[in-house]
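Q: return atomic coordinates for the entry below.
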Amino acid sequence: MQSIHAIAAALLLGGALAAQAADRDATFHPAELLTSNAEYREAWQDVVKNEERLPDWLMNLSGLSTPMQSVEADGDRYLVGQVCEAQNCFSQRVYVAFEWNDDDAYALYVQVPQGLPEDRAPSEHASLRWLGEPDEEVQQMLIEQLRSDPNWY
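A: Residues are numbered from 1 along each chain as shown. From the prediction side, this is the model:
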């Protein structure tokens, strides 16, 4: 009788893990996505391999991050998240988008000058850098992610 309960528990646990895997954006952070999925890692490497002067945290998506979420843009589905430099989250951040089918990745690297006075709008002083040659729809999606930040005005 115990073996039937153990088998049932294993099936339930396996089903829960399969459901979580099917809903990829449930708990993954960008760095976890890179370490757990070779296709996403390769897509990200294609984005950063020819870029110059990118910090290590951005190259590895190893800063502080938000969980990935599923976003639709122009009929395509993307996993989208934000990563920022741990010591300077407001001034150094990147918004990343991975095509759901693992093929391509894109990013918006945002740099706000350090020491910007509080009465200055970050949106007027930030530099924006596109990575991965996103099309207009993907650019708009990433800009919307940036604009959803309550500290961005």
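
Q: which SS state does Tyr95 fall under?
A: Three-state call for Tyr95 (DSSP: H, G, I helix; E, B strand; the rest coil): strand.

Q: make 409 the starting number, not 1.
A: That works, and once the first residue is 409, the last one we named lands at Tyr503.

Q: test my guess that it contacts Ala515.
A: Yes - judged on Cβ atoms under 8 Å, Tyr503 makes contact with Ala515 at a distance of 6.5 Å. All C-beta atoms are positioned from the backbone trio N, CA, C, and that covers glycine.

Q: any shared contact partners between the two?
A: Common contacts of Tyr503 and Ala515, defined by Cβ atoms under 8 Å, 6 or more residues apart in numbering, comprise Leu550.

Q: check which helix or strand the spatially most central residue of the chain maps to.
A: For the chain, Gly489 is the residue whose C-alpha lies nearest the centre (Cα atoms, centre = their mean; 2.8 Å). Here Gly489 is covered by strand 484-492, with elements defined by DSSP states H and E.

Q: ditto for Asn559
A: Asn559 is part of no helix or strand, with elements assigned from DSSP H and E.

Q: gap between it and Asp510?
A: Separation of Asn559 from Asp510 (Cβ to Cβ, to the nearest Å) stands at 32 Å.

Q: correct me if wrong: Val493 contacts Trp465.
A: If you look again at residue 493, you'll see it is Glu, not Val. Yes - contact criterion Cβ under 8 Å: Glu493 and Trp465 qualify, at 5.2 Å.

Q: rewinding a little: OK, contacts around the residue nearest to the centre of the chain?
A: Residues in contact with Gly489 (Cβ under 8 Å, 6+ apart) are His437, Pro438, Leu441, Ser473, Thr474, Pro475, Met476, Gln477, Tyr503, Val504.

Q: out of those, which end up buried?
A: Buried members of the contacts of Gly489, counted by 16 or more other Cβ atoms under 10 Å: His437, Pro438, Leu441, Ser473, Met476, Tyr503, Val504.

Q: phi, psi for the nearest residue to Phe436 once chain neighbours are set aside please.
A: Nearest residue to Phe436 in three dimensions, chain neighbours excluded: Met476, at 4.9 Å (Cβ to Cβ, 6 or more residues apart in numbering). Here is the backbone geometry of Met476 (degrees, to the nearest 10): phi -70, psi 150.
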